[in-house]
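K.L.:
Here's a sequence, model it:
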Amino acid sequence: MLSRRGLMAAAGLWPLAPLLPSAARAQGAPASLKVGLLPFGTVSWEAAVIKAEGIDAAEGLDLEGVRLAGSDAARIAFQGGQVDTIVSDLLWAARLRAEGRAVKFLPYSSTEGALMVPGDSPLTTVAGLAGKRLGVAGGPLDKNWLLLRARAREKDGFDLEREARPVFGAPPLLMRKLETGELDAALLYWTFCARLEARGFRRLIGADGIAAAFGVTGPIALLGYVFDEALLQRAPAAVAGLARASSRAKRALEAGDAAWAPVRPLMAAEDEATYATLKRAFLAGIPRRPAAAERADAERLYAVLARLGGERLVGAATTLPAGLYWDGGPNG
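P.N.:
The predicted structure is shown next:
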């Protein structure tokens, strides 16, 4: 069982050099790698396991978590060189590369959001959303909203933006409005979906079901570690070590409850049901498909999003830029 010091160290609250195995220290200073962490992001979970299990040291790394306020702050920190890598959206990484910044993408998670409704809701199909109050996390260019609208047009023959009553907002606010009955349904990010499922809400359709309408054959990791090619050229062993450490941490979390000990305090899970649904959803998102199959589906979905969102969503690139994916590590 981890001590209080071990838990705090795993959460990145102070340096872990004293906890590194003496053999690892004797081999020389490990390569330092700064990864951006969001307050409630799952990368903090993975980093906690990597630290608590000594995985980074075993891979010749000293993984340093840098606390950042949110997604925008993370992107600014990465672009400004304050961190070596962040986990971000495939669309953003593709846009950066298309605009001339040579970045690479390492798949992290395929867990996506869903359209949630109360457990006793009469809604059973997307077609039933006509006239309903529909919350949408993010804005009008949210990728899941664009895909849901397109699916409704192509499969059900109606425009959700015109025939439903969409409300855009922050996920916590929309979740509360769904719980109080002010909304009939809400399109939310996966962590909010998991919390609602623990309270008896259900999925009307998941992001995977929406994507399937466009020929996608399996889960796609739309979140991944983004890093510069310059880092890969400067420290290839460090990048490879990060990929292996990420994979080993996920396998440890799959293996049993013990590895979740340093993660549980970071999850803000108020009860066992919420903890269980968050855990299950995270594990379901571990990339497992052959890289070639996943990338083919990613290219297919990207082309659809480029058509739906245009330059405002993806920039000038209408296809995934060549060389975006890093081929040197495991897929997940």
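K.L.:
Walking through the stretch 201-332 of the chain, point out its helices one by one.
P.N.:
207-212, 229-234, 236-255, 272-284, 291-314 (DSSP state H, counting those that start in this stretch).
K.L.:
helices and strands around the last one, which ones?
P.N.:
What that stands for is helix 291-314. The helices and strands touching helix 291-314, judged by 3 or more C-beta pairs under 8 Å, 6 or more residues apart in numbering; DSSP states H and E, are helix 90-98, helix 143-151. Every residue, glycine included, has its C-beta placed from N, CA and C.
K.L.:
thinking again about what came up before, mean neighbour count for the helices of the stretch 201-332 of the chain - can I get that in CSV?
P.N.:
Shown next, in CSV, are the helices of the stretch 201-332 of the chain (neighbours: other C-beta atoms under 10 Å):
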stretch, mean neighbour count
helix 207-212, 21
helix 229-234, 14
helix 236-255, 19
helix 272-284, 17
helix 291-314, 17
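K.L.:
any chance of those helices in JSON lines, with distance to Ala194 too?
P.N.:
Listed next are the helices of the stretch 201-332 of the chain as JSON lines, based on distance: least, C-beta to C-beta, whole Å:
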{"stretch": "helix 207-212", "distance to Ala194": "13"}
{"stretch": "helix 229-234", "distance to Ala194": "33"}
{"stretch": "helix 236-255", "distance to Ala194": "15"}
{"stretch": "helix 272-284", "distance to Ala194": "4"}
{"stretch": "helix 291-314", "distance to Ala194": "23"}
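K.L.:
Any idea which of the ones you listed gets closest to Lys177?
P.N.:
Closest to Lys177 of those is helix 272-284 (C-beta to C-beta; 19.0 Å).
K.L.:
contacting residues around Gly323?
P.N.:
The contact partners of Gly323, by C-beta atoms under 8 Å, 6 or more residues apart in numbering, come to 97, 104.
K.L.:
I'd like the distance between it and Arg295.
P.N.:
Noted for Gly323: a distance of 12 Å to Arg295, by C-beta to C-beta, to the nearest Å.
K.L.:
Tell me, please, where in this protein the pLDDT is lower than the cut-off.
P.N.:
1-28, 329-332 (pLDDT under 70).
K.L.:
The same query, at a cut-off of 80, please.
P.N.:
Where the chain drops to pLDDT under 80, the residues are 1-29, 328-332.
K.L.:
tell me, what residue is most central in it?
P.N.:
Nearest to the mean C-alpha position of the chain, by C-alpha atoms, centre = their mean, lies Leu223 at 4.4 Å.
K.L.:
List the beta-bridge partners for that residue.
P.N.:
Asp89, Ser109 (DSSP bridges).
K.L.:
Now do the strands in the stretch 51-200 of the chain.
P.N.:
Secondary structure of the stretch 51-200 of the chain by DSSP state E, counting those that start in this stretch: the strands cover 61-67, 85-89, 103-109, 114-117, 133-137, 165-169, 185-188.
K.L.:
Could you point out which of the ones you listed sits nearest Met175?
P.N.:
strand 185-188 (6.4 Å).
K.L.:
Would you list the strands that that closest one pairs with, along with their directions?
P.N.:
strand 114-117 (antiparallel), strand 133-137 (parallel).
K.L.:
For burial, what's the neighbour tally of Ser110?
P.N.:
For Ser110, the number of neighbouring residues by other C-beta atoms under 10 Å comes to 23.
K.L.:
if I look at it, how far off is Arg203?
P.N.:
For Ser110, the distance to Arg203 - C-beta to C-beta - is 16 Å.
K.L.:
Would you enumerate the residues in contact with Gly309?
P.N.:
Each residue near Gly309 by C-beta under 8 Å, 6+ apart is listed here: 141, 143, 146.
K.L.:
do you know how far it is from Ala317?
P.N.:
Gly309 is 12 Å from Ala317, by C-beta to C-beta.
K.L.:
Same question for Leu115.
P.N.:
28 Å.
K.L.:
The two: who's more crowded?
P.N.:
A count of neighbours by other C-beta under 10 Å puts Leu115 above the other of Leu115 and Ala317, at 26 against 17.
K.L.:
ok, for that one, nearest residue in space, not its chain neighbours?
P.N.:
What sits nearest to Leu115 in space, not counting adjacent residues and going by C-beta to C-beta, 6 or more residues apart in numbering, is Leu204, at 4.5 Å.
K.L.:
Equivalent analysis for Phe78, please.
P.N.:
Nearest non-adjacent residue to Phe78 (C-beta to C-beta, 6+ apart): Ile86, at 4.8 Å.
K.L.:
Pretty sure the one you found sits against Gly224.
P.N.:
No - Ile86 is beyond contact range of Gly224, at 9.8 Å (criterion: C-beta atoms under 8 Å).
K.L.:
ok so, going back, for the residue nearest to Leu115, give me its contacts.
P.N.:
Residues in contact with Leu204 (C-beta under 8 Å, 6+ apart) are 114-117, 121, 123-126, 185.
K.L.:
Tell me the one of those nearest Val239?
P.N.:
Set against Val239, the nearest of these by C-beta to C-beta is Ala114 (32.6 Å).
K.L.:
That closest one contacts Arg202, correct?
P.N.:
No - contact criterion C-beta under 8 Å: Ala114 and Arg202 do not qualify, at 9.2 Å.
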